[in-house]
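>>> kindly return the folded structure for what I paste below:
(one chain, ligands or ions: 1)
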Amino acid sequence: MSCSSVELQQKCTALTATWDGYCSTPTFENFVEFAVTLNSFAEFLIARGLSGLHHLGRDLEQVALALFGDERSHPIKPETMAELDQKLKGLVERVSDYIAANSRPREERRISTSPLAAPSDLQPVRQLWLVSQNEESWRDLIAQLGYFGIEVDIFRWDAVPAESPSVPLLLLDVAGLLTSEWSARIRTLRARFDASNLLALTVQTDFLSLQTALAAGCDYCFPRGTSLPTIVAKVLELNDSEEQEEYRVLVVEDSITAIKLIQRTLEENGIQSSAVSNPREVLDALKRYNPDLILMDMHMPNCTGVEAARVIRQHPQFLSIPIVYLSGETDVGMQIDALRLGGDHFLTKPVNPVWLNAIVKTKIERYRALRRSMFHDSLTGLLNHTSTKRVLDQAVSAAASDNGVLSVAMIDIDHFKKVNDTYGHPVGDQIIRSLAWLLKQRLRKTDIVGRYGGEEFLVGLPGTAADHAFEVLDRIRRDFSQIKHPFNETWFNTTFSSGIASFPAIESSEGLVKFADEALYQAKRGGRNRVMLPKRNH
Ligand SMILES: Nc1nc2c(ncn2[C@@H]2O[C@H](COP(=O)(O)OP(=O)(O)OP(=O)(O)O)[C@@H](O)[C@H]2O)c(=O)[nH]1
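Below is the predicted model:
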């Protein structure tokens, strides 16, 4: 993940400005302003992957939230103010150090590269550091990551470079070190690597060791004995830096002042919003704006929030969209009724902005997860069969309207029944996952990658002619055949076969799938572990 220094500096300046505002006029309103900006800053840090800075920001946020109170709690005591000021200065200083360290050219910040890594020439290589006293014991992990296009630089604990280039991920093997030793070293690295995920390896499995590693600043721990595929899976997951679409909220509220206040809070937290003041316009607004959540005033002229929610729930496409009510109402019986009639949460006005942000975000995350599970395959996270077909249809239409090209590849793992029979179904699942990761790692964000059936995948490559598609798929095939899948104390390899068909030689998405499937069976008949590009398809 990347973060522009300008954006980071702006956010940090905004934070200090709201704190200065509170220090000069210590009212409750000014404290709310500061807390909202701080909350938004902490979320910005985590969204940009600035894990180390986020640890500091979150600490400060916890202190500030505990002091929230109400009008009577402000001004806070001078000594508490001094303590908060100190923490804020510490954070600002770290942000400045980070900006200074990252304003140098990227090349200058790179240190060294391990000869063990196997970089891919198909996409930009990603990098991580492994810090260990025993490089040899990680040979297999390094090789596996290499097949997925991830380069590993290895250092002994006493030889970690003094310079801090932007490494997104550090794997820290604590084996052979005393707890006091590794926890101190991790703490030092945490202070240096603000934008990196720190993952501890070979931590003892007891509560205290895990707690110590997390408290020292690790984002994740792999207890001793964690299997290689589990570590690879986590690293790949953290590397998958898919940009999230901004959250979208529809505000249904008759008071223009309330709308302005709510929209301002949402905007400060990076949430887009649109508002309607007449509840009778809500259905049109839902279709036009397609929000992730509705914030619904309870009392509006001509229609209550509950009535509007009931109308919305009559439409199947809006059955699961979260509805959060806003009301001055504190009557618990009434709130429960409102929830029963199609609402998800109740916020009492005046709404605490930090609370509003937290509720909105958690509800949207759940809603998005639900929608993801409808369109994606649960084993691999790839598009499921139905979504793959839909997205391929759209890609073929786009290619037709642009006079473009597009290639489709069907991929099927070879002798998969035998793999399941020999090593067991869970190992078979792991192989399906490895191929899914490899495809995701090696292909562009604009390519289509779907799980089409059990051990069958569909890949769509917009703007790619058949010959180029063949080169891409054949490279992936060779690399997949090199991956060592662990089983007990040994390893085994698997292969896949693939067939390609291309647009415009074949004009419909059904035709492309059919011809790619035929080519796939030619590849199987021809001996497997090959990609077929029949002449008549391009
Ligand atoms: N582990 C696992 N196995 C699956 C999954 N889906 C399908 N399979 C298995 O995949 C195997 C597919 O076998 P076949 O279609 O006979 O083909 P094959 O053994 O791969 O042989 P060729 O395709 O001819 O190389 C079957 O045994 C299925 O049970 C899954 O999600 N997980």
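>>> doesn't Pro534 make contact with Gly526?
No: Gly526 is beyond contact range of Pro534, at 11.1 Å (criterion: C-beta atoms under 8 Å). Just so you know, the C-beta spots here come from the backbone N, C-alpha and C atoms, and that holds for glycine as well.
>>> so between those two, which is more surrounded?
Set side by side, Gly526 and Pro534 give different neighbour counts by other C-beta atoms under 10 Å, the larger being at Pro534 (16 against 11).
>>> how about the more buried one: what's its closest non-neighbour residue?
What sits nearest to Pro534 in space, not counting adjacent residues and going by C-beta to C-beta, 6 or more residues apart in numbering, is Ala519, at 5.0 Å.
>>> contact partners for that neighbour?
Contacts for Ala519 were tallied using C-beta atoms under 8 Å, 6 or more residues apart in numbering; they are 410, 498-501, 532-534, 537.
>>> what about it, which SS state?
With DSSP: H, G, I helix; E, B strand; the rest coil as the basis, Ala519 sits in helix.
>>> what's the burial count for Ala47?
By the criterion of other C-beta under 10 Å, Ala47 has 14 neighbours.
>>> repeat that for Thr494.
For Thr494, using other C-beta under 10 Å, the count is 21.
>>> which residues sit in contact with it?
For Thr494, the contacting residues are 413-416, 419, 431, 480-481, 483, 485, by C-beta under 8 Å, 6+ apart.
>>> quick check: helices, which of those residues are part of them?
Using DSSP state H, the subset of the contacts of Thr494 located in helices is 416, 419, 431, 480-481.
>>> among those residues, which ones are buried?
Of the members of those, the ones counted as buried by neighbours, 16 or more other C-beta atoms under 10 Å, are 416, 419, 431, 480.
>>> the ligand next: which of these are close?
Phe416 (C-beta under 6 Å from any ligand atom).
>>> which SS state does Leu15 fall under?
What three-state DSSP gives for Leu15 is helix.
>>> surely Trp157 touches Ala184?
No: Trp157 is beyond contact range of Ala184, at 10.8 Å (criterion: C-beta under 8 Å).
>>> neighbour count winner among those two?
A direct count of neighbours by other C-beta under 10 Å for Trp157 and Ala184 places Trp157 higher, at 17 against 12.
>>> look up how far Ser209 lies from the more buried one.
From Trp157 across to Ser209, the span is 17 Å (C-beta to C-beta, to the nearest Å).
>>> near the ligand, which residues of the stretch 351-500 of the chain show up?
379, 412-418, 420, 425, 428-429, 432, 454-455.
>>> and this protein, what are its domains?
The chain breaks down into these domains under automatic domain parsing: 5-101, 108-239, 248-372, 385-537.
>>> please, where are all the helices along the stretch 251-400 of the chain?
Using DSSP state H, counting those that start in this stretch, the helices of the stretch 251-400 of the chain run over residues 256-268, 282-289, 305-313, 332-340, 353-375, 385-401.
>>> which residue of the protein lies farthest from its centroid?
Note on the chain: the largest C-alpha distance from the chain mean falls to Asn302, namely 42.3 Å (C-alpha atoms, centre = their mean).
>>> so that one sits against Arg280, correct?
Yes: if you go by C-beta under 8 Å, Asn302 and Arg280 touch, sitting 7.3 Å apart.
>>> for the protein, what lies in contact range of the ligand?
Residues of the chain lying near the ligand by C-beta under 6 Å from any ligand atom: 379, 412-418, 420, 425, 428-429, 432, 454-455, 524, 528.
>>> any stretches of this protein with poor pLDDT?
1-3, 102-125, 164-165, 240-243, 329-330, 535-538 (pLDDT under 70).
>>> how about the helices in the stretch 51-200 of the chain?
Secondary structure of the stretch 51-200 of the chain (DSSP H, counting those that start in this stretch): helices at 51-66, 78-101, 106-109, 139-147, 179-192.
>>> could you list the buried residues of the first one?
Yep, that's helix 51-66 we're talking about. 51-58, 60-61, 64.
>>> in the stretch 51-200 of the chain, which residue sits closest to the ligand?
Among the residues of the stretch 51-200 of the chain, Gln144 lies closest to the ligand, at 19.6 Å counting by C-beta to the nearest ligand atom.
>>> go ahead and confirm that residue touches Thr230.
No: the criterion here is C-beta under 8 Å, and Gln144 misses it with Thr230 at 11.6 Å.
>>> looking at those two now, which is surrounded by more residues?
Legend: neighbour count by other C-beta under 10 Å for Gln144 and Thr230, higher for Gln144 (24 against 11).
>>> quick one, what contacts that one?
228, 232, 483-484.
>>> tell me which residues touch whatever residue of the stretch 101-250 of the chain ends up closest to the ligand, please.
Among the residues of the stretch 101-250 of the chain, Pro229 lies nearest to the ligand; the distance is 13.8 Å by C-beta to the nearest ligand atom. Residues in contact with Pro229 (C-beta under 8 Å, 6+ apart) are 430, 433-434, 486.
>>> let's see 10 Å
By C-beta atoms under 10 Å, 6 or more residues apart in numbering, the contact list for Pro229 reads 144, 427, 430-431, 433-434, 485-486.
>>> out of these, which end up buried?
144, 427, 430-431, 433-434, 485-486.
>>> doesn't Leu443 make contact with Gly450?
No: at 11.4 Å, Gly450 does not count as touching Leu443 under the criterion of C-beta atoms under 10 Å.
>>> need the overlap of contacts for those two.
Each of 459-460 lies in contact with both Gly450 and Leu443 under the rule C-beta under 10 Å, 6+ apart.
>>> give me the more crowded residue out of the two.
Between Gly450 and Leu443, Gly450 has the larger neighbour count (other C-beta under 10 Å), namely 26 against 19.
>>> next, the more buried one: secondary structure please.
Here Gly450 is strand, with the state taken from three-state DSSP.
>>> quick one: Gln62 from Lys287, how far?
From Gln62 to Lys287 the distance is 41 Å (C-beta to C-beta).
>>> one more: Ala100?
Ala100 is 49 Å from Lys287, by C-beta to C-beta.
>>> repeat for Val408
Val408 is 33 Å from Lys287, by C-beta to C-beta.
>>> neighbour-wise, which of the two wins?
Higher neighbour count among Val408 and Lys287: Val408, with 30 against 11, using other C-beta under 10 Å.
>>> who does that one form a beta bridge with?
Gly460, Ala501 (DSSP bridges).
>>> point me to the residue of the stretch 301-450 of the chain nearest the ligand.
Residue of the stretch 301-450 of the chain nearest the ligand, by C-beta to the nearest ligand atom: Gly428 (2.6 Å).
>>> need the three-state assignment for that residue.
The local conformation at Gly428, judged by three-state DSSP, is helix.
>>> neighbours of the nearest residue to it once chain neighbours are set aside, how many?
The shortest distance from Gly428 to any non-neighbouring residue, by C-beta to C-beta, 6+ apart, is to Asn420 (4.2 Å). For Asn420, the neighbour count with other C-beta under 10 Å is 17.
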